[in-house]
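S.K.: what shape does this take:
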Amino acid sequence: MAIVLKNLKKTDIEKRMTLPSKSLDYFPPLRGKHMVDFPVVDETGHVWNFRIYTRKPNKKYLKPVITKGWREFVCSKGLRVGDRVAFYVEKQQAGGVKYRVKAEKPVKIFGAIFYS
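M.R.: Next comes the predicted model:
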């Protein structure tokens, strides 16, 4: 099951990807900081180094975003407004976790939209 499933908007394409605050529980812990870098593997096996950035921890709403590495990912995948991105987390046997990302493009079939 995806920890984040998002239809991309203009800001997500041009600058950074905004995340729901509740999704922070599934990403690497901030440990009192307001940013953390983490590797993410796409469907081809390519490793992307993303950064989650939030407002300073003393703010009421953290407003998390993915910054570093995000635009490179968007450009390499040819993503556009309306495309979808899914993030997954897998627990590893050694006790760690592995993050995966999948870019999906909408396909319209008989009036219904599917993502591939």
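S.K.: so what's the nearest residue to Lys108 once chain neighbours are set aside bridging to?
M.R.: Distances taken as C-beta to C-beta, 6 or more residues apart in numbering place Phe114 nearest to Lys108, at 7.8 Å, with adjacent residues excluded. Backbone N, C-alpha and C define where each C-beta goes, glycine included. Beta bridges link Phe114 to Val107, judged by DSSP bridges.
S.K.: residue ranges of the strands in this structure, please?
M.R.: Listed in chain order, the strands of the chain (DSSP state E) span 4-7, 17-18, 35-41, 47-53, 65-66, 84-91, 97-104, 106-109, 112-115.
S.K.: among these, which is the most enclosed?
M.R.: strand 65-66 (a mean of 22; mean count of other C-beta atoms under 10 Å).
S.K.: helices or strands up against it?
M.R.: For strand 65-66, the packing partners by 3 or more C-beta pairs under 8 Å, 6 or more residues apart in numbering; DSSP states H and E come out as strand 17-18, strand 47-53.
S.K.: now the angle between strand 35-41 and the last one, please.
M.R.: Looking back up the chat, that one is strand 47-53. Calculated by axes from the mean of the first three to the mean of the last three C-alpha atoms, to 10 degrees, strand 47-53 forms an angle of 150 degrees with strand 35-41.
S.K.: grab the nearest non-local neighbour of the residue positioned nearest the centre of the chain.
M.R.: The centroid of the chain falls nearest to Phe87 when counting by C-alpha atoms, centre = their mean (5.4 Å). Nearest non-adjacent residue to Phe87, counting by C-beta to C-beta, 6+ apart: Val4, 4.3 Å away.
S.K.: against Met17, how distant is the one you found?
M.R.: Computed as C-beta to C-beta, to the nearest Å, the Val4 to Met17 distance reads 9 Å.
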